[in-house]
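Participant: no sequence on this one, just coordinates:
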């Protein structure tokens, strides 16, 4: 699992989100605490400075007390008072020595006596006392009033505490004045008790600061003065920051007194670094803890994210494997959390898909009825076999077969019977292949009643032998539901590399060969290129036939049927003609058999019946009541719906059933006599005339003829055409007429091309006739005109004209 | 201290026999703000001639750690006794130039009387008790008195004439002693009003 900076992966998202949150929380916490510490430190420093100021004031006060006490002690000394009171010049030395003695006791820098006239009368330091005189005198009244007064004096930029104490005897007779320097000593004392750097400063009238003693040494002390100088004349009331030689200080300036425009101040400074040292240590701990916390959290987050995301990506891999079609590898679903459930669901899905795919594969490649491979699988097998054969230089043969009359069986016996039959055929084919022990041979059901066998690594002889075996196997009647069913098959053979290179082509070739076999009724047929041409032509013909209906290319022709005795027109045979836009007139022989083969004949029959009905109606309206004969094919006869269709047609055109005669060939009946009879009986029951067409050419079964509800026999024209010259034909015709009459049937002769034949037939007792002598088939719309000018030769009663009327 | 006052008056009368419609001077003393000032010494000197008279005696007792009275006025040559009526001993002294003395620790009547023979102001103190103070005004005239509680005093004079009236109070600024010249007629009472500049009264001042 790689870290993707675009946060595509769940893991990186989780990690990033929580990381950012934790770092943010930690940093904010750290900042808040740091600020708190900072504020605390500042407050502590401020408090320290505040206390420092108090301490310093107290220190000054203490000094003042000491000073006051010393002065008072002297002022109360009786002898000293007496010395002053005596006011004797001789006592001056005594007084001075007393002042000095007392001053030294309390470490005063100066002691002096001022008399009641406010003149300095004695001093221990004349020079200094002169400078202090003004300040001293200003204190006297206050001193007298309050028994001593304290002030700050500044001499030579150095501040002093000055005390004035009245000497009373008992009225004030003078004042003792003592001074005490505020200097480095005091600063040091201050530093000792408060840990604050202390600097005593004065500022003269020009605003220039000077230090008079500091706990800072050398340049540091000067730096303090310099910084104060930059602050300007305004004295900051609040603590302010200053830098003394790289060290940071918070400082507070205290004014302690003023003398003649000069001010004395004390600067208390607290090293920030020292004050916050403990806090810094705490801070370092905090930072350390924060970092440790972040690291621990990151590890926990990454671990958790991996625990969540890794199984998911494992499932992704699994899903991809499923996508690729691998349903066999089971998915690990031992976890009990949501991921485990997901994996479990995945596994269930995998099994489900796997089963369904097997089912789909089975449905796709297996025929469910016979459990044989279906067409799709057969094509796959065939292609595989072709590849194999191509590699080995072998031949592959495809055998395709179609059961004869299966449709009839299916229609008559029902579909379940048909299915059972197919299963039996499939069983026989499988058994056959199993017995041959040629494992590579494959049988498949292609659909309907079509089966195919694949013969890899074979030759033509083997294929033919196989075909023979199959046909032999099918010769044995099948026993189904206590019925014996005869079943035959047409079989086509095509082979690689003789006929084609690819499977589909091979299959279609085998099919062509199969149809040929069926047409020829020839068992097994090997493909030949010539067959294919026919089949291709047929295919295009079917298309053209379909188009012909749409394009209205069919024309209805009729050939009159005439009573040979009276010469009257009694009927007409409806015939179809195809006027092809390119090929011109196409003869029925060219497309009727094909139409029958493909089933298109039903469409055609329907078309003919429609047109015939219309014509019949039209002629009737003109007074010509003619019976129309329509040809029915085998397919028509097998159509169960035909009687219903006919009834509908008659009703539609308001025609009686007697207006129609339906002509059926013998072979059409023989194809499926049972069903044909069924249909014919229903038609006959409706009142329609039925006629046996082309009588005498097929395998006529007189038994059938007896059973069928037939009204008419049509003698095939091949007997009629030559009967004038051929004695044999005449005998056949005569016999047929007799047969028909004997069975109570009307007998019609076709192919009358001469009056002589007419007369001969009439002599033989034939009822009706049709042929070129009377009329060729003519377009239906010309029928009325023809009827108008028709004159029967018999009516003329003239000698027989032996003119041959031949098609022009 | 009416007793004291009376005594002085009595002394005056000794040398100025009373006549009907007594000849004298009445003085009213106030401070700058018009407040009456008791215990102000008023003394009158005849212009041009020194009056004679017999200096008397006076008494300043110590009682309750105080000098009583606070202010005493005597004629030059007068003798003052200092009886100690306290149970503690005192050590009274004066560094005043008019009369310096030092009476070491004593009690009862042990202190010797002092003769004040020089005009001026004598301040008494006690070396043991700093707060004890007393003022003695020594004057060269027999006509003197202290103002009463109303700041007023009347001094009879033996004869009409011109007189210099002086007023002294221990607490004036710079010890000022203003004076007025009055002509006194026989049988009449001349009047004078003094307004004295006073030092501010200090709390804890032993004089108050």
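Facilitator: Ah, there it is. Just so it is clear, the structure is predicted and the values come from calculations on it, not from any experiment. Numbering: from 1, shown residues only, chains lettered A, B, ... in the order given.

Participant: contacts for stretch A:15-27?
Facilitator: A:7, A:290, A:293-294, A:297-298, A:301-302, A:305 (Cβ atoms under 8 Å, 6 or more residues apart in numbering or on different chains). The C-beta positions use only the backbone N, C-alpha and C, and glycine is treated the same way.

Participant: chain center to it: distance?
Facilitator: Put simply, stretch A:15-27 sits 35 Å off its chain's centre (Cα atoms, centre = their mean, to the nearest Å).

Participant: show me which positions of it end up buried.
Facilitator: By neighbour count with 16 or more other Cβ atoms under 10 Å in any protein chain shown, stretch A:15-27 contains the buried residues A:15, A:18-19, A:22, A:26.

Participant: greatest separation within the contacts of stretch A:15-27: which pair is it?
Facilitator: The span of the contacts of stretch A:15-27, defined through Cβ to Cβ, is set by A:7 and A:290 at 25.3 Å.

Participant: show the contacting residues for residue A:606.
Facilitator: By Cβ under 8 Å, 6+ apart, the contact list for residue A:606 reads residue A:645.

Participant: dihedrals phi and psi, residue B:154?
Facilitator: phi -130, psi 130 (degrees, to the nearest 10).

Participant: any idea of the pLDDT on it?
Facilitator: Looking at residue B:154, its pLDDT reads 91.

Participant: tell me what the nearest residue to it once chain neighbours are set aside is bridged to.
Facilitator: Among residues not flanking residue B:154 along the chain, residue B:26 sits closest, at 4.6 Å (Cβ to Cβ, 6 or more residues apart in numbering or on different chains). Per DSSP bridges, the residues bridged to residue B:26 are residue B:154, residue B:191.

Participant: compare residue A:7 and residue A:290 (neighbour count), which wins?
Facilitator: Each of residue A:7 and residue A:290 has its neighbours counted (other Cβ atoms under 10 Å in any protein chain shown); residue A:290 has more, 18 against 14.

Participant: top helix in chain A by residue count?
Facilitator: As assigned by DSSP state H, the longest helix anywhere in chain A is helix A:10-75.

Participant: in the helix or strand following that helix, what's buried?
Facilitator: Sequence order places helix A:78-86 as the next helix or strand after helix A:10-75, per DSSP states H and E. Neighbour-count burial for helix A:78-86, counted by 16+ other Cβ under 10 Å, picks out A:80-85.

Participant: again with stretch A:661-670
Facilitator: A:661-666, A:668-669.

Participant: a markdown table for those residues, including pLDDT?
Facilitator: Shown next, in a markdown table, are the buried residues of stretch A:661-670 (pLDDT from 0 to 100):
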| residue | pLDDT |
| --- | --- |
| A:661 | 93 |
| A:662 | 92 |
| A:663 | 91 |
| A:664 | 88 |
| A:665 | 83 |
| A:666 | 77 |
| A:668 | 76 |
| A:669 | 76 |
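
Participant: just the residues you listed now: which is nearest residue A:345?
Facilitator: Of all the buried residues of stretch A:661-670, residue A:345 sits closest to residue A:668, with 65.4 Å by Cβ to Cβ.

Participant: which strand or helix spans the closest one?
Facilitator: Using DSSP H and E, residue A:668 maps to helix A:666-671.

Participant: what's the answer for residue B:30, then?
Facilitator: Going by DSSP H and E, residue B:30 is in strand B:24-31.

Participant: do the same with residue A:560
Facilitator: Residue A:560 is located in strand A:554-563, with elements delineated by DSSP H and E.

Participant: distance from that strand to the middle of the chain?
Facilitator: Here strand A:554-563 is found 69 Å from its chain centre; the criterion is Cα atoms, centre = their mean.

Participant: same for it, what does it pack against?
Facilitator: Applying 3 or more Cβ pairs under 8 Å, 6 or more residues apart in numbering or on different chains; DSSP states H and E, we find strand A:554-563 packed against strand A:569-580, helix A:601-621, strand A:627-632, strand A:768-769, strand A:778-779, helix A:783-789.

Participant: out of those, deepest packed?
Facilitator: Among the helices and strands packed on strand A:554-563, ranked by average contacts under mean count of other Cβ atoms under 10 Å in any protein chain shown, first place goes to strand A:768-769 (a mean of 25).

Participant: give the other helices and strands that it contacts.
Facilitator: In terms of contacts (3+ Cβ pairs under 8 Å, 6+ apart), strand A:768-769 is packed against strand A:554-563, strand A:746-749.

Participant: ok so, going back, can you redo the helices and strands packed on strand A:554-563 as TSV with distance to residue B:137 and mean pLDDT?
Facilitator: Converted to TSV, the helices and strands packed on strand A:554-563 look like this (distance: least, Cβ to Cβ, whole Å; pLDDT from 0 to 100):
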stretch	distance to residue B:137	mean pLDDT
strand A:569-580	180	91
helix A:601-621	175	90
strand A:627-632	186	92
strand A:768-769	203	94
strand A:778-779	189	92
helix A:783-789	193	90
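
Participant: show the contacting residues for the residue in the stretch 101-250 of chain A that chain B sits nearest to.
Facilitator: Proximity of the stretch 101-250 of chain A to chain B (Cβ to the nearest Cβ) peaks at residue A:170, 3.3 Å away. Going by Cβ under 8 Å, 6+ apart, residue A:170 touches B:123-126, B:130-133, B:206.

Participant: what about chain A, any weak spots by pLDDT?
Facilitator: Scanning chain A for pLDDT under 70 picks out A:1-8, A:233-236, A:437-439, A:532-539, A:698-701, A:794-808.

Participant: give me the residue at the spatial middle of chain A.
Facilitator: For chain A, the residue nearest the mean C-alpha position is residue A:323 (12.8 Å; Cα atoms, centre = their mean).

Participant: helices or strands up against the helix or strand hosting residue A:175?
Facilitator: Using DSSP H and E, residue A:175 sits in strand A:172-181. Here strand A:172-181 touches helix A:10-75, helix A:78-86, helix A:92-105, strand A:110-115, helix A:126-146, strand A:158-168, going by 3+ Cβ pairs under 8 Å, 6+ apart.
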